[in-house]
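[1] the following comprises the amino acid sequence and a computationally predicted model.
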Amino acid sequence: MNVRRSAAVLAATAVIGTAAPAVAASPSPSPSVAIPEGLYGSGDPTYDGVWRQSLTLLAQDTVGVVPAAEAVDWLTGQQCANGAFAPFRADTTKACTAKLLVDTNSTAAAVQALAALGGHDTATGKAVAWLKSVQNKDGGWGYAPGGASDANSTSVVIGALTAAGEKPADVVKGGKSPYDALLTFALPCAGDGAGAFAYQPDKKGKLAANADATAAAVVGALGKGLAGTPEKPTGTTPTCKDATDPEQAAENGAAYLVKALAKDGHLTSALPGSEDQPDYGNTADAVLALATAGQGEQAADSMRWLEANFEQWAQQSGPAAYAQLILAAEADTFDTRDFGGQDLVKLLNATGPAPEKVPSATGSASPAADDRAAEKDDEGVSVWWIVGVGLVGGIGVGFLISGRKKKQQP
């Protein structure tokens with residue numbers, strides 16, 4: 001799920017009904033809007049502000065960093081009164097209107113970040129209520145409210161539901177759950193793309209394998225979120241079998257990803273008229289998906305490829321890229337403080353407001369961070385209330401997903 005898709009590519013995706021290739025885009029040297037204080041990244045936030053902020057805060061929390069209060073305040077301040085988030089609201093003093101393009105991906109990503117930080121139950125509760133209100137009758141979600149369901153959006157919402165303490169299987173519309181929707185995007189074990197997931201069917205109902213959608217759906221089918229979950233290696237290579245449940249569909253997707261990564265050690269993407277290029281973001285997503293499926297050892301070579309080649313891409317792509325790498329490295333038990341000789345945590349933190357607390361480079365958290373973790377364990381939520389719990393008056397995958405992109409609605 002990347003935030004790297006341009007509005008034009010996303011609009012085209014909605015028209016043709018299949019996921020267009022994700023491409024890395026350099027942050028605009030001259031943003032069309034001023035970069036607000038508290039927001040990470042220097043690129044134009046119009047289409048990915050909430051997404052990249054959410055991914056950044058989630059990655060920081062994953063490695064024990066206590067984010068800057070102003071960074072959390074910025075995110076909570078983006079929420080609309082109905083609970084939804086748009087990719088970016090330049091003026092949060094004005095109420096959200098029906099013309100504002102809110103979306104499921106921005107909203108679900110924000111829920112995951114705020115739930116991880118703790119102390120934002122009101123904001124996440126309102127956001128989850130909004131997500132439930134726009135669930136489709138097939139059990140899934142599209143990027144835009146009312147849009148056709150797709151694997152990426154459905155998966156990032158599953159992650160939000162889980163993060164908020166919901167059971168995705170119990171969130172039903174028209175008798176269908178999000179897992180029912182995901183199964184409709186799963187390809188059979190025979191033919192091209194065996195075991196993969198499609199982004200969504202084309203106009204004729206045909207499914208085409210999509211690595212980006214597969215990485216998202218593997219995590220979603222396992223009930224996990226954008227941070228994944230490092231699982232104990234299964235010790236066996238995933239195999240594709242007829243899937244009647246989300247767990248088998250996830251294994252099938254993992255089997256597809258193992259094969260897709262085997263050729264070059266990474267995934268590739270291309271735009272019409274251009275040559276295939278390495279897809280760093282989707283490769284990171286695939287690593288995280290495999291680690292979450294207990295196949296981290298199958299992704300180790302791809303993680304090492306990212307270590308050797310990530311720098312230029314991440315510098316150009318900004319905080320979402322560093323966050324993706326951190327989440328993938330954490331899931332696959334790689335060292336985020338010595339990743340190809342670079343400190344990913346330091347690089348991410350440098351793209352925005354300085355965090356309140358940062359663990360030492362040796363891996364031991366600061367006393368305050370340790371205390372906060374203990375508070376979460378003991379009470380279920382953080383007592384770090386100073387990050388602006390009340391600023392919810394106004395709230396982007398990712399996983400659409402390969403920079404987990406956050407798309408603009410068509």
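    Received it, and whenever you're ready, just let me know what you need. Residues are numbered from 1 along each chain as shown.

[2] correct me, but Thr336 touches Ile326?
    Yes: with contact defined as Cβ atoms under 8 Å, Thr336 counts as touching Ile326 (5.1 Å). For the C-beta atoms, the positions are set from N, CA and C on the backbone; glycine is no exception.

[3] what about stretch 91-104, how long is it end to end?
    20 Å (Cα to Cα, to the nearest Å).

[4] could you pull out the buried residues of it?
    Within stretch 91-104, the residues that qualify as buried by neighbour count (16 or more other Cβ atoms under 10 Å) are Thr92, Cys96, Leu101, Val102, Asp103, Thr104.

[5] with stretch 239-247 instead?
    Neighbour counts using 16+ other Cβ under 10 Å place Cys240, Ala243, Pro246 of stretch 239-247 among the buried residues.

[6] and for stretch 211-227?
    Buried residues in stretch 211-227 (16+ other Cβ under 10 Å): 211-227.

[7] ok, back up a step: dump the buried residues of stretch 91-104 into CSV; add secondary structure, pLDDT and distance to Glu70 as well.
    Compiled in CSV, these are given as follows (DSSP: H, G, I helix; E, B strand; the rest coil; pLDDT from 0 to 100; distance: Cβ to Cβ, whole Å):
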residue, secondary structure, pLDDT, distance to Glu70
Thr92, coil, 96, 14
Cys96, coil, 97, 22
Leu101, coil, 97, 25
Val102, coil, 98, 23
Asp103, strand, 98, 24
Thr104, helix, 98, 26
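
[8] hey, what's in contact with both of Thr336 and Ile326?
    Applying Cβ atoms under 8 Å, 6 or more residues apart in numbering, one finds that Thr336 and Ile326 are jointly contacted by Val63, Leu344, Val345.

[9] most neighbours of all those, which one?
    Comparing these on neighbour count, Leu344 comes out first with 28 neighbours (neighbours: other Cβ atoms under 10 Å).

[10] low-confidence stretches in this protein?
    When the per-residue scores of the chain are filtered using pLDDT under 70, the ranges that remain are 1-31, 270, 362-410.

[11] which stretches of it form strands?
    If DSSP state E is used as the criterion, the strands of the chain fall at 267-269, 277-279.

[12] now the last one: how far from the chain's centre is it?
    Going back to what we said before, that points to strand 277-279. What separates the centre of strand 277-279 from the centre of its chain is 19 Å, taken as Cα atoms, centre = their mean, to the nearest Å.

[13] counting contacts, what elements does it pack onto?
    strand 267-269 (3 or more Cβ pairs under 8 Å, 6 or more residues apart in numbering; DSSP states H and E).

[14] so what strands line up beside the strand it packs on?
    Partner strands for strand 267-269, per DSSP bridges, with pairing direction: strand 277-279 (antiparallel).

[15] for the shared contacts of Thr336 and Ile326, which one is nearest Lys173?
    Proximity of these to Lys173, judged by Cβ to Cβ, is greatest for Val63, which lies at 36.1 Å.

[16] isn't that closest one up against Phe334?
    No: with the criterion set as Cβ under 8 Å, Val63 and Phe334 do not qualify as a contacting pair; they are 11.8 Å apart.

[17] ok, now which ones touch Ala328?
    Contacts for Ala328 were tallied using Cβ under 8 Å, 6+ apart; they are Gly228, Ala284, Asp285, Val287, Leu288, Ala291, Met303, Leu306, Phe334.

[18] would you format those residues as TSV with distance to Tyr322 included?
    TSV is the format used below for these (distance: Cβ to Cβ, whole Å):
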residue	distance to Tyr322
Gly228	16
Ala284	10
Asp285	14
Val287	15
Leu288	14
Ala291	18
Met303	15
Leu306	12
Phe334	14
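
[19] now, which of those sits nearest Pro278?
    Leu306 (9.5 Å).

[20] Gly147: how many residues sit nearby?
    By the measure other Cβ under 10 Å, the count of residues near Gly147 is 18.

[21] and stretch 267-281, how far out from the chain middle?
    Here stretch 267-281 is found 20 Å from its chain centre; the criterion is Cα atoms, centre = their mean.

[22] more neighbours, Thr336 and Ile326?
    More neighbours sit around Ile326 than around the other of Thr336 and Ile326, counting by other Cβ under 10 Å; the figures are 27 against 24.

[23] the closest residue to the more buried one other than its chain neighbours and Lys232, how far apart?
    With Cβ to Cβ, 6 or more residues apart in numbering as the measure, Ala59 is the residue that lies nearest to Ile326, at 4.2 Å, once sequence neighbours are left out. As for Ala59, its distance to Lys232 is 23 Å (criterion: Cβ to Cβ, to the nearest Å).

[24] who has more neighbours, these two?
    The residue with more neighbours, out of Ala59 and Lys232 and counting by other Cβ under 10 Å, is Ala59; that gives 31 against 7.

[25] the more buried one against Ala321, yeah?
    No: proximity of Ala59 to Ala321 does not meet the contact threshold set by Cβ under 8 Å, at 10.5 Å.

[26] Val102 versus Val111, what's the distance?
    Between Val111 and Val102 the distance is 13 Å, computed by Cβ to Cβ.

[27] nope, Ser269 is what I meant
    With distances defined as Cβ to Cβ, the gap from Ser269 to Val102 amounts to 28 Å.

[28] how about Lys204?
    Between Lys204 and Val102 the computed distance is 30 Å (Cβ to Cβ).

[29] before we move on, back to that, among the buried residues of stretch 211-227, which are located in helices?
    Among the buried residues of stretch 211-227, the members falling in helices are Ala211, Asp212, Ala213, Thr214, Ala215, Ala216, Ala217, Val218, Val219, Gly220, Ala221 (criterion: DSSP state H).

[30] nearest to Gly43, of those?
    Among those, Asp212 lies closest to Gly43 (Cβ to Cβ), at 20.6 Å.

[31] might one say that the closest one is in contact with Ala289?
    No: taking Cβ under 8 Å as the definition, Asp212 is not a contact partner of Ala289, at 10.4 Å.

[32] picking up where we left off before, just the ones of the shared contacts of Thr336 and Ile326 in helices?
    Leu344, Val345.
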